[in-house]
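Below are the sequence and a predicted model for it; my questions follow.
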Amino acid sequence: MALDTIIELNNLSVYQRNILVLSEVTLSIGKGEFVYLIGKTGTGKSSLLKTLYADLPVKEGEAEVVGYNLKTIKLREVPYLRRKLGIVFQDFQLLNDRSVNDNLMFVLKATGWDDKTTMDERIKDVLDKVGLGTKGFKMPHQLSGGEQQRVSIARALLNDPELILADEPTGNLDPETSDGIMSLLFDISHSGRAVLMATHNYALMEKYPTRTLKCEAGRVSTAENSANHAIGINGI
């Protein structure tokens, strides 16, 4: 794997509960690259992402992510892999019984941070990056959907990841808010991190065109960077 390659897959098969979802997946994603992953519901987008963060095991083919071989990775190594990843979900997955700051503090403690001053500084830094520098004391229910998603992106940035995996991050947001989230994710890729984003939002893809991969008929292929083309292919 080249020094600036973040994801390298060769003839990978993706399984979900012993059912083959995708086969012969071969692709490479480099440092600072932003890539869309499109396809109808059930075509394997989320399963591919779960494979990349070692939630699903690699049984066939080769997969290397942020320097880890996913075919030979040991269970004890998975937390170290995930520290080099940032994962953003459609439904935010925030802890509703604690403040924004405490949500982020929980993640830092869980990933081995122990110096309170350093942790506080890191939390302030990531909240500033996502435009929420003054919202750390708020509870999740006091924030808009877009603000909650910004918190989840801040959470993904805590350990300075090399790769952001985003699974439908704008799926629950209105168009204007989605636009802000996309702009933020593109800024993150410009800072040198790779971003792989599963999406159905072809309007945003047209506004922010970039390399696009398509899950269809058990395969992953390169799609044209056109929302109209994507809509035609997927029948949406």
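Thanks, I have it. Residues are numbered from 1 along each chain as shown.

ok, longest helix in the chain?
Taking DSSP state H as the criterion, the chain has its longest helix at helix 175-190.

quick one, strands of the protein?
5-16, 19-30, 34-38, 60-65, 68-69, 85-88, 163-167, 194-198, 211-216, 219-223 (DSSP state E).

Redo the ones you listed as JSON lines? Include distance to Lys50 and mean pLDDT.
Every residue, glycine included, has its C-beta placed from N, CA and C. Formatted as JSON lines, these follow (distance: least, C-beta to C-beta, whole Å; pLDDT from 0 to 100):
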{"stretch": "strand 5-16", "distance to Lys50": "8", "mean pLDDT": "96"}
{"stretch": "strand 19-30", "distance to Lys50": "10", "mean pLDDT": "96"}
{"stretch": "strand 34-38", "distance to Lys50": "12", "mean pLDDT": "96"}
{"stretch": "strand 60-65", "distance to Lys50": "12", "mean pLDDT": "97"}
{"stretch": "strand 68-69", "distance to Lys50": "15", "mean pLDDT": "97"}
{"stretch": "strand 85-88", "distance to Lys50": "10", "mean pLDDT": "94"}
{"stretch": "strand 163-167", "distance to Lys50": "9", "mean pLDDT": "95"}
{"stretch": "strand 194-198", "distance to Lys50": "11", "mean pLDDT": "96"}
{"stretch": "strand 211-216", "distance to Lys50": "13", "mean pLDDT": "95"}
{"stretch": "strand 219-223", "distance to Lys50": "14", "mean pLDDT": "91"}
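
Show me the one of those strands that comes nearest Val78.
Val78 lies closest, by C-beta to C-beta, to one member of those: strand 68-69, at 8.7 Å.

Can you list the strands that the closest one pairs with?
strand 60-65 (antiparallel) (DSSP bridges).

Output the below-cut-off pLDDT ranges for this protein.
1-3, 224-236 (pLDDT under 70).

CSV for the strands of the chain, including mean neighbour count and distance to Gln148?
Shown next, in CSV, are the strands of the chain (neighbours: other C-beta atoms under 10 Å; distance: least, C-beta to C-beta, whole Å):
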stretch, mean neighbour count, distance to Gln148
strand 5-16, 19, 27
strand 19-30, 17, 27
strand 34-38, 23, 22
strand 60-65, 20, 27
strand 68-69, 16, 30
strand 85-88, 22, 11
strand 163-167, 24, 14
strand 194-198, 25, 18
strand 211-216, 20, 27
strand 219-223, 17, 30
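
nearest to Gly136, of those strands?
With distances scored as C-beta to C-beta, the stretch of these nearest to Gly136 is strand 85-88 (18.6 Å).
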